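Asks: Here is my input, please return the structure:
(one chain, ligands or ions: 1)
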Amino acid sequence: MEKILIIGAAGQLGSELTLSLSNMYGGEQVIATDINQSAAVKFDYCRFEVLDVMDKDRLRSLVKNENITQIYHLAAILSATGEKNPLFAWNLNMDSLLHVLELAKEFKLNKVYWPSSIAVFGPNTPMQNTPQNCVMDPNTVYGISKQAGERWCEYYFQKYNVDVRSLRYPGLIGYKSLPGGGTTDYAVDIFHKAIDGEKFECFLSENTYLPMMYMPDAIKATLDLMHAPAEQIKVRSSYNLAAISFSPKEIFEAIKMEYPSFEISYQPDFRQKIADSWPDSIDDSAARADWGWRHEYDLQKMTSDILANLPEYMV
Ligand code: AKB
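Replies: Residues are numbered from 1 along each chain as shown. Alright, predicted model coming up:
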């Protein structure tokens, strides 16, 4: 019987993944944790505990006393927020991963999930159809911590047989929680402005292409990876993962088809430089070949789904 601990459960990914894991394993087998006490109301279908991931002792006693068998470690400081306090972002992103990997080794956990990101790539990475293995020279503290984290995951797998699995997520777009300080988060915010009848000021320029993915595809990818037989997981750093690529202008036009009076202006700020250092599109053929990854949502299908469902979440 699996007992699953989710760290950072109230974030964009965690809010939706925790529900899917509870549906799959039963709410009594899932413990959602977050540093934010007020997040408790979100989790009436499973147990919730307040946890600061930097509190090593509390994390250890939860894993030990609750007989945890799997950890999904989702807590991180994202790219744009990380640049405001680089050392804090580095310490939180790295130390928390190392705590989790050490616990996985000590308690012989069945599996660990840890998300990486397209932020591991940098200005000298090939921009189009970025391969699984290529130059990686991240220039944000978030990207540097994700790249180092990938090396640690592979290290713990090879040295200690820790079954840790990871995906390099593109920008994730969901409507069930608010954006969390990322460079790709304009593509979440834009829907809120359209529905509120406000003009949207975009912090990236109109033709900035970035790899993106609708949340249901991200959840499916994560669960497919975690449920694949271990021998099919050939990449133990982190898998490239792709679905759609679009620019601010293209997503604006997709929304405008349903909200004809919607308006946009472009006011690039420090996040433009971050976006310019990331790929336009990703080659995820290894994920497709090794464990059968397929995405479902294109830009239009995602846009229609968000516009149909978000208004209900905003009231
Ligand atoms: C960010 O923009 O920082 C994140 C990411 C691409 O990992 N959404």
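Asks: Burial check on the residue of the stretch 151-300 of the chain found nearest the ligand, number of neighbours?
Replies: Across the stretch 151-300 of the chain, no residue is closer to the ligand than residue 182, which sits at 2.7 Å (C-beta to the nearest ligand atom). Quick note: C-beta positions are derived from backbone N, CA and C, even for glycine. For residue 182, the neighbour count with other C-beta atoms under 10 Å is 24.
Asks: since we're on the closest residue to it other than its chain neighbours, how many residues are nearby?
Replies: Excluding the flanking residues, the one nearest residue 182 by C-beta to C-beta, 6 or more residues apart in numbering is residue 78, at 4.1 Å. By the other C-beta under 10 Å criterion, the neighbourhood of residue 78 contains 22 residues.
Asks: where's residue 78 relative to residue 17, distance?
Replies: Residue 78 is 16 Å from residue 17, where distance means C-beta to C-beta, to the nearest Å.
Asks: again with residue 257
Replies: To residue 17, residue 257 is 30 Å away according to C-beta to C-beta.
Asks: what about those two, which has more around it?
Replies: Each of residue 257 and residue 17 has its neighbours counted (other C-beta under 10 Å); residue 17 has more, 25 against 12.
Asks: Assumed the more buried one was part of a helix.
Replies: Yes: using DSSP: H, G, I helix; E, B strand; the rest coil, the assignment for residue 17 is a helix.
Asks: Can you tell me the closest non-neighbouring residue to it?
Replies: residue 219 (5.7 Å).
Asks: The one you found sits in which helix or strand?
Replies: For residue 219, the element it lies in under DSSP states H and E is helix 215-227.
Asks: hey, C-alpha coordinates of that helix in PDB?
Replies: Extracted in PDB, the C-alpha atoms of helix 215-227 (Å, rounded to 0.1, in the frame of the first residue of the first chain):
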ATOM      1  CA  MET A 215      -2.200  21.400 -16.900                       C
ATOM      2  CA  PRO A 216      -4.300  18.300 -17.700                       C
ATOM      3  CA  ASP A 217      -1.400  17.200 -20.000                       C
ATOM      4  CA  ALA A 218       1.200  18.000 -17.300                       C
ATOM      5  CA  ILE A 219      -0.700  15.900 -14.800                       C
ATOM      6  CA  LYS A 220      -1.100  13.000 -17.200                       C
ATOM      7  CA  ALA A 221       2.700  13.100 -18.100                       C
ATOM      8  CA  THR A 222       3.600  13.100 -14.400                       C
ATOM      9  CA  LEU A 223       1.400  10.200 -13.500                       C
ATOM     10  CA  ASP A 224       2.400   8.200 -16.700                       C
ATOM     11  CA  LEU A 225       6.100   8.700 -15.800                       C
ATOM     12  CA  MET A 226       5.600   7.700 -12.200                       C
ATOM     13  CA  HIS A 227       3.600   4.600 -13.100                       C
END
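Asks: neighbouring contacts of it?
Replies: 12-13, 16-17, 20-21, 24, 70, 111, 113, 165, 167, 169, 172-176, 213, 233, 239, 241, 243, 287, 291-293, 295-297 (C-beta atoms under 8 Å, 6 or more residues apart in numbering).
Asks: Return the set of buried residues in the strand or helix carrying residue 306.
Replies: Using DSSP H and E, the element containing residue 306 is helix 299-314. Judged by neighbour count (16 or more other C-beta atoms under 10 Å), helix 299-314 contains these buried residues: 299, 302-303, 306-307, 310.
Asks: So residue 235 versus residue 287, what's the distance?
Replies: From residue 235 over to residue 287 the distance is 8 Å, taken as C-beta to C-beta.
Asks: more crowded one of these two?
Replies: Ranked by neighbour count (other C-beta under 10 Å), residue 235 and residue 287 place residue 287 first, with 24 against 21.
Asks: residues of the helix or strand where that one lies that come out buried?
Replies: Per DSSP H and E, residue 287 falls inside helix 285-291. Neighbour-count burial for helix 285-291, counted by 16+ other C-beta under 10 Å, picks out 286-288, 290-291.
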